[in-house]
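Enquirer: Sequence and predicted structure are below.
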Amino acid sequence: MKDLIIIGSGPAGLTAAIYAKRAELDCVVIEKEAISGGQIINTTEIDNYPGLYHMGGFDLGMKFREHADALGAEFVEGNVVGFSRTDEKVTVTLENGDVYEAKTAIIAGGARHRELGVEGEARLRGAGVSYCATCDGAFFRKKITVVNGGGDVAVEDALFLSRLCEKVYLVHRRDEFRAAKTLVSAAKAAPNIEFVLDSVITEIKGDQNVSAITVKNVKTGEVKDLAVSGVFIAVGMLPESEVYKNAVDTDEKGYIIGDETGKTSAPNVFVAGDIRTKALRQVVTAAADGANAVTSVENYLHTLN
Ligand code: NAP
């Protein structure tokens, strides 16, 4: 039986892998995607990870992975469909039927994109509806697109698309942004970004491909259509915690309850990164979580000896 199973290979999981190898723990990292890095691989630039100003998100993800590889971390690709624990062990089942057992686990599975749930969104997904501007933006060169959301991701996406597209609408349901002020200022200065504030998308239209959106102003009630070829939805994330709810406590939004030490309601299960209850979800806090969670794992393993 292994000492530790790390679930997830974003900044939290990869940092945990680095710390676990340095602590000489026998561990395995289970990653859902073929490429490590988590959400940052879809982020154009990470401007706030100390020491790496103007670092590409994909490149930073690769650097984390190379670091873990250099220390000999073991990676397995697979989707976790079962998770259970006793005080003696944690059991993780993958979609392909493989089962892993360890004395402890760190859950660093991150979060997935929230959907709007409006007419046309599901039908036109991949036909103009996207949740990743850096992945799909190039398909909309010289076209008109819209980004929905008011967080860092939405404003970064709008800026990224403004460099490719003829015009970008930025639809946000309020007139204040969660995004960093520097990003909002840059978006305001971009000549081809048009802010559509206090507004929500109520429908995405198109036969084979997206042709328009319907937006409603939530203050005035005004409804209008905007002709667009691409709709980029950036309205936040939801924790990927469903499979763990039988083993650890979660809050009302589904985040696994844990403090900065990564301890959860279960003594041998720890949590790190965006899936944890926390105030600030950033690469730097995810990496810190990974380090802290391994320290907690080590402390727990000492109690067994
Ligand atoms: P976020 O900060 O949670 O923002 C989500 C946005 O979507 C909010 O503006 C929210 O509106 C809006 N929204 C939520 N549900 C909606 C709905 N049903 N309809 C319309 N609008 C909706 O999410 P995020 O931008 O994905 O960022 C996630 C985390 O990653 C954040 O902590 C962010 O700071 C971090 N991040 C950091 C960087 C960086 O450091 N460079 C880059 C990217 C992301 P309200 O504002 O009205 O709630």
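Expert: In hand now; what should we look at?
Enquirer: can you pull out the helices in the stretch 51-200 of the chain?
Expert: Secondary structure of the stretch 51-200 of the chain (DSSP state H, counting those that start in this stretch): helices located at 57-70, 133-136, 152-162, 181-189.
Enquirer: These: which one's closest to residue 257?
Expert: helix 152-162 (24.4 Å; Cβ to Cβ). Yep, even glycine has a C-beta here, placed from its N, CA and C like the rest.
Enquirer: Closest residue of the stretch 51-200 of the chain to the ligand?
Expert: The minimum distance from the stretch 51-200 of the chain to the ligand, using Cβ to the nearest ligand atom, falls at residue 151 (2.3 Å).
Enquirer: isn't that residue right up against residue 180?
Expert: No - using Cβ atoms under 8 Å as the test, residue 151 is too far from residue 180 to be in contact (9.5 Å).
Enquirer: Just want to know which of those two has more residues nearby.
Expert: Neighbour totals were compared for residue 151 and residue 180, and residue 151 leads with 18 against 15 (other Cβ atoms under 10 Å).
Enquirer: for the residue lying closest to the more buried one once chain neighbours are set aside, what are its contacts?
Expert: Excluding its sequence neighbours, the residue lying closest to residue 151 (Cβ to Cβ, 6 or more residues apart in numbering) is residue 178, at 4.6 Å. Neighbouring residues of residue 178 by Cβ atoms under 8 Å, 6 or more residues apart in numbering: 150, 151, 152.
Enquirer: So for residue 178, what's the pLDDT?
Expert: In this model, residue 178 is scored at 96, pLDDT.
Enquirer: What mean pLDDT does stretch 264-277 get?
Expert: 98.
Enquirer: what about it, near the ligand?
Expert: No - Stretch 264-277 stays clear of the ligand (Cβ under 6 Å from any ligand atom), getting no nearer than 7.2 Å.
Enquirer: Pull out the CA atoms of that stretch and give them to me as CSV.
Expert: Coordinates of each C-alpha in stretch 264-277 appear next as CSV, following Å, rounded to 0.1, in the frame of the first residue of the first chain:
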residue,chain,number,x,y,z
THR,A,264,-10.5,17.8,6.2
SER,A,265,-13.2,16.1,8.3
ALA,A,266,-11.4,12.8,7.7
PRO,A,267,-8.1,12.2,9.4
ASN,A,268,-6.3,10.6,6.4
VAL,A,269,-7.8,12.7,3.6
PHE,A,270,-6.4,16.2,2.8
VAL,A,271,-7.4,18.8,0.3
ALA,A,272,-5.5,21.4,-1.8
GLY,A,273,-6.2,24.0,-4.4
ASP,A,274,-9.4,25.3,-6.0
ILE,A,275,-11.6,22.5,-4.6
ARG,A,276,-10.9,23.6,-1.0
THR,A,277,-12.9,26.2,0.9
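Enquirer: Now do the contacts for residue 60.
Expert: Counted by Cβ under 8 Å, 6+ apart, residue 60 has contacts 11, 37, 40, 46, 49, 52, 283.
Enquirer: Can you report how many residues neighbour the last one?
Expert: The number of residues packed near residue 283 is 27, by other Cβ under 10 Å.
Enquirer: quick one, phi psi at it?
Expert: phi -60, psi -40 (degrees, to the nearest 10).
Enquirer: And residue 40, what's its pLDDT?
Expert: 84.
Enquirer: all strands of the stretch 201-305 of the chain, in order?
Expert: 212-217, 223-227, 230-233, 237-239, 269-271 (DSSP state E, counting those that start in this stretch).
Enquirer: Worst mean pLDDT among the ones you listed?
Expert: Among those, strand 237-239 scores lowest, with a mean of 92.
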